[in-house]
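Participant: Just the structure for this:
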Amino acid sequence: QVQLVESGGGLVQAGGSLRLSCAASGRIFSNDALGWFRQAPGKGREFVVTVNWSRGSTYYSDSVKGRFTISRDSAKNTVYLQMNGLKPEDTAVYYCAAAPVFTTSESLYRYWGQGTQVTVSS
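Facilitator: Numbering: from 1, shown residues only. Predicted coordinates for the structure are as follows:
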């Protein structure tokens, strides 16, 4: 069982930056992936980025590549999402999730946080 708690969301102007955190409690295994998804108003949830817990391999969606950076701190069991160059279309609830494999498939993520709101004003 893994519990995930996100923090760091807020309101920012276009072009600004935010850093989200996802604190995990419970056992994280070496093959696990921790990822970020987001859901904009009136839209389905979409994949943003994921990281393999032990190797640090990452995969980004095209929409955030070059602007967002995922990192992890194994000692703190925490994953971070640094978001730079934010755009109004990045406005969404951002969710942290854990999967037993390195994947972009939402259905394979078993554990989810409660989400944190990110709002980017134009």
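Participant: Show me which residues of stretch 63-78 are buried.
Facilitator: By 16 or more other CB atoms under 10 Å, the buried positions in stretch 63-78 come out as V64, F68, T69, I70, R72, N77, T78. Using the backbone N, CA and C atoms, a C-beta is placed for each residue, glycine as well.
Participant: shouldn't the fifth one be in contact with G56?
Facilitator: Yes: counting by CB atoms under 8 Å, R72 touches G56, with 7.0 Å between them.
Participant: mind listing the strands in the protein by residue range?
Facilitator: 2-7, 10-13, 18-26, 33-39, 45-52, 58-60, 68-73, 78-83, 92-99, 111-112, 116-121 (DSSP state E).
Participant: Let me have these in TSV, extended by mean pLDDT and distance to S105.
Facilitator: Below are the strands of the chain laid out as TSV (pLDDT from 0 to 100; distance: least, CB to CB, whole Å):
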stretch	mean pLDDT	distance to S105
strand 2-7	95	17
strand 10-13	98	29
strand 18-26	95	19
strand 33-39	97	10
strand 45-52	97	8
strand 58-60	98	11
strand 68-73	96	17
strand 78-83	97	18
strand 92-99	97	8
strand 111-112	96	14
strand 116-121	98	22
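Participant: and the most centrally placed residue in the chain, what does it touch?
Facilitator: For the chain, the residue nearest the mean C-alpha position is W36 (2.3 Å; CA atoms, centre = their mean). Neighbouring residues of W36 by CB atoms under 8 Å, 6 or more residues apart in numbering: L20, C22, V48, V49, T50, I70, V79, L81, Y94, Y95, C96, A97.
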